[in-house]
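> quick one, what's the 3D model for this:
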Amino acid sequence: MIKTKGFFITFEGGEASGKTTQIKKLKNWLQKNKIPSLITREPGGTKIAEYLRKIILSKKENVSINMEVLLLMTSRLDHLNKIIIPALNNNKTVICDRYVDSTAIYQGYYNKFGVQKIYQLHKLLLNNFLPNLTFVFNNNPNIAKKRLLKRKNKNKYDKVDYKFNNKINSAFIKLAKKNSRFIIIDATLSINEIHDIIISYLINKKSLNEFKKSKYNK
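Take a look at the predicted model:
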């Protein structure tokens, strides 16, 4: 297990759950409170990872599930070594939009590669480097459908399909209930309500000394 100085937080959930909006609000809060931080995403975060992202999410590329998993692991390894770990070693709070749990749900569960196989590969290839904390957004599939209908640039997982979104959302919640690393967020609440819940939780988290010392400025 790799040890670092900073705090690693990931945001997970189905498509159009509002997590990216909350990451932007958290970024503003961190900057306002002068807390050193880094905002990143997966797949992506580095030149190589962003290139692989286009292949992974493309509707045109005929990529097998085995190849997709290997591309994701390659992308994540590059991202981890070049961006995430260096930032954490500089005592920054790293916020990442998706990480290994998304791979476990989308590729492992939905595409039937195997959830446990994903985590086994993560342990083998990435030294089982996991977040300190993961917020999982519990969304209403009907709300997701409405939001996706408005989305102009859709990738192959941006499906306007109730069954798909419900299946993904349910799988995330089931996973989140198995480990104390996860915090389930009601994504049907207002943007400001969700933001307040996230900040309040971070401030009260004992291991986040920087957050505890910070003044809560909404």
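> which SS state does residue 94 fall under?
Three-state call for residue 94 (DSSP: H, G, I helix; E, B strand; the rest coil): strand.
> number of residues surrounding it?
Burial of residue 94, expressed as a neighbour count using other Cβ atoms under 10 Å, amounts to 24. Just so you know, the C-beta spots here come from the backbone N, C-alpha and C atoms, and that holds for glycine as well.
> ditto for residue 101
The number of residues packed around residue 101, counting by other Cβ under 10 Å, is 28.
> so residue 131 touches residue 11, yeah?
No. With contacts counted by Cβ atoms under 8 Å, residue 131 stays clear of residue 11, the gap being 9.6 Å.
> need the overlap of contacts for the two.
Common neighbours of residue 131 and residue 11 (criterion: Cβ atoms under 8 Å, 6 or more residues apart in numbering): residue 96.
> more neighbours: which of these two?
Of the pair residue 131 and residue 11, residue 11 is the one with more neighbours under other Cβ under 10 Å, namely 27 against 21.
> can you give me the strands for this structure?
Assigned by DSSP state E, the chain shows strands spanning 7-13, 37-41, 93-97, 133-138, 182-186.
> look up how far residue 64 lies from residue 116.
Distance check for residue 116 against residue 64: by Cβ to Cβ, to the nearest Å, it reads 20 Å.
> do the same with residue 41
24 Å.
> who does residue 185 form a beta bridge with?
residue 137 (DSSP bridges).
> what about it, distance to residue 125?
Residue 185 is 29 Å from residue 125, by Cβ to Cβ.
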